[in-house]
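>>> sequence and predicted structure are below.
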Amino acid sequence: MPTPERTKIMGVLNVTPDSFSDGGRYFDHDSAIAHGLELLDSGADIIDVGGESTRPGSVRVDEAEELRRVVPVIRELAAAGATISVDTMRATVAEASLNAGAHIINDVSAGLSDPTMLAVASETAAPVVLMHWRGYLDRASASFHYDDVVAEVIAELKTRIDEAVAVGVKLENLILDPGLGFSKNAEHNWQILAALDEFANLDHRLLVAASRKRFISTLLSPEDPKLAEESAKDQATAAISALSAKAGAWAVRVHEPTTSAIAAKVLDAVNSHASTEASEASEASLDEGRA
């Protein structure tokens, strides 16, 4: 029995002034590049570079500004040997980022915001993250109603898979993200986390992005989520990273890689020993059969 691959750590790099957790900290290029290198040193396998916030109430930036924010940062980090995903909903930004050295497209709209995104993924053969959403977070179309959140999110992701395959994206290049916090309340998020095995069993790589989201803050500080300390949110995120790794997630997207990288290594060690024991047990059974 092969040992499952270790869950990768995707470090968040927001080149924005207004992202919900760290907006503004790394807005200038020098700070962004330095932080990207810090993320790598802290255990990140992939750097997810984004130039546009998707927090509730955020205002979309224009294409030129998004390009100005992300392309120079991607170019420098790629030159330093980093594996990079670009967090964008624009096909033009995705294509320019790939040309600058990015490897993966991470589209929170799964191609719904820009109809040409999936074509770019097909033409470039780049892996693409399809995240579940029901529209921008400040719009009524971002419906929170589900009769069965797990079944409905899976069904809607399958629709996006079909759309991607129809324009030529290869199945092995698809990565699924259930979209924690997008068009979902806290209860929906916990239900999805309780059913990660079902998402991992869809025969596509799974990305779990829970880091520092409001449902974690609400768990830690129910009276006032804004009072939840960042370090506590990162510890809770690491616990979710461990659950994700146990379910076989390909990667977790986090702001603070160290604790999640440790969690992934622990699960990798456990899986490695479990696989060894299963292999030894199987060999012993075959030896008994031969005798």
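Right, received. Where do you want to start? Numbering: from 1, shown residues only.

>>> could you dump the helix or strand A155 falls within to CSV, C-alpha only?
Using DSSP states H and E, A155 sits within helix 149-166. Taking C-alpha atoms only, helix 149-166 is exported to CSV below (Å, rounded to 0.1, in the frame of the first residue of the first chain):
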residue,chain,number,x,y,z
VAL,A,149,-24.8,21.9,2.5
VAL,A,150,-22.4,19.0,1.9
ALA,A,151,-24.5,17.4,-0.9
GLU,A,152,-25.3,20.8,-2.5
VAL,A,153,-21.7,22.0,-2.4
ILE,A,154,-20.5,18.8,-4.0
ALA,A,155,-23.1,18.9,-6.7
GLU,A,156,-22.3,22.5,-7.5
LEU,A,157,-18.5,21.7,-7.6
LYS,A,158,-19.3,18.8,-10.0
THR,A,159,-21.0,21.3,-12.3
ARG,A,160,-17.9,23.4,-12.4
ILE,A,161,-15.8,20.3,-13.1
ASP,A,162,-18.0,19.6,-16.1
GLU,A,163,-17.6,23.2,-17.3
ALA,A,164,-13.8,22.9,-17.0
VAL,A,165,-13.6,19.6,-18.8
ALA,A,166,-15.9,20.9,-21.5
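
>>> can you list the low-confidence ranges for the stretch 151-291 of the chain?
For the stretch 151-291 of the chain, the stretches with pLDDT under 70 are 275-291.

>>> show me the helices in it, by range?
Using DSSP state H, counting those that start in this stretch, the helices of the stretch 151-291 of the chain run over residues 186-194, 196-200, 214-220, 230-247, 257-290.

>>> out of those helices, which is closest to R6?
Of all the helices of the stretch 151-291 of the chain, helix 257-290 sits nearest to R6, with 4.0 Å by C-beta to C-beta. Glycine gets a C-beta too; all of them are placed from N, C-alpha and C.

>>> need the helices of the stretch 151-291 of the chain in a markdown table (columns: distance to T116 and mean neighbour count).
Converted to a markdown table, the helices of the stretch 151-291 of the chain look like this (distance: least, C-beta to C-beta, whole Å; neighbours: other C-beta atoms under 10 Å):
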| stretch | distance to T116 | mean neighbour count |
| --- | --- | --- |
| helix 186-194 | 29 | 18 |
| helix 196-200 | 27 | 18 |
| helix 214-220 | 32 | 19 |
| helix 230-247 | 31 | 20 |
| helix 257-290 | 32 | 14 |
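
>>> got those as TSV, with distance to A166 columns?
Converted to TSV, the helices of the stretch 151-291 of the chain look like this (distance: least, C-beta to C-beta, whole Å):
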stretch	distance to A166
helix 186-194	26
helix 196-200	22
helix 214-220	34
helix 230-247	29
helix 257-290	34
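
>>> those helices: which one's closest to I105?
Nearest to I105, of the helices of the stretch 151-291 of the chain and by C-beta to C-beta, is helix 196-200 at 19.5 Å.
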